[in-house]
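>>> My questions are about this predicted structure, shown below with the sequence.
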Amino acid sequence: MPKINGNEIRPGAILEHDGGLWAAVKVNHVKPGKGGAFAQVELKNLRDGRKLNERFRSEDKVDEVTLENKDQQFLYETDGRLVFMDAETYEQIEIDADLLGDRRPFLQDGMTATVLFYGEEPLSVKIPQKVKCRVVEAEPVMNGQTASKSFKPAVLDNGVRIMVPPFVGPDEDIIVHTELMEYSERA
């Protein structure tokens, strides 16, 4: 693993620190009036989700880890575990459904997702940024509502509640931005 200086840590970097794998969420470079400069780094543990604030001086050395991205096809869910298959080798792996968090309902059968591996251990799952969903329930348009900046609540076919523009009705397909959990466009 390559070692980097403490002042070279950037947001999104994966570090091996204190015997765990951590993702740098926020990095703030500080130059106090007295003493040496340092990087104040907010870290998130990739295995258990713990957060940690750590100071790294420029002379501190940390191990930067490179994760391997593999495209995997989602097959099914069983007992809180998601089963994915490698399209090239047909190998199947099981991943804890909690890794996806709030984005879990957007994972659809047959969907291709990117799984991040550290060696043979799957650490994270990235689903496509935009997913097609069907609106199953939406409030009717009220008189006086205009198309500018007015939204109404709707329920999608996966059970997620989001806000949609007034022109979207039940049984319509829409595109949802999975990271922001909001309406993007009509399908």
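Yep, that arrived.
>>> Against A97, how distant is T178?
15 Å (C-beta to C-beta, to the nearest Å). C-betas here are computed from N, CA, C, even on glycine.
>>> higher neighbour count, the two?
Using other C-beta atoms under 10 Å, the more surrounded residue of T178 and A97 is T178, with 22 against 16.
>>> per-residue pLDDT, that one?
Here, the pLDDT recorded for T178 equals 88.
>>> from the middle of its chain, how far away would stretch 167-183 be?
Once both centres are worked out by C-alpha atoms, centre = their mean, to the nearest Å, stretch 167-183 turns out to sit 18 Å from its chain's centre.
>>> Let me fix that, I meant to ask about stretch 38-45.
Stretch 38-45 sits 19 Å away from the centroid of its parent chain (C-alpha atoms, centre = their mean).
>>> So what touches that stretch?
6-7, 9, 15, 17, 20-30, 50-58 (C-beta atoms under 8 Å, 6 or more residues apart in numbering).
>>> Give me the average confidence score over that stretch.
Summarised as a single mean, pLDDT over stretch 38-45 is 91.
>>> what's the answer for stretch 151-160, then?
What stretch 151-160 shows for mean pLDDT is 92.
>>> Now do the buried residues in that stretch.
For stretch 151-160, the neighbour count (16 or more other C-beta atoms under 10 Å) marks 152, 154, 156, 160 as buried.
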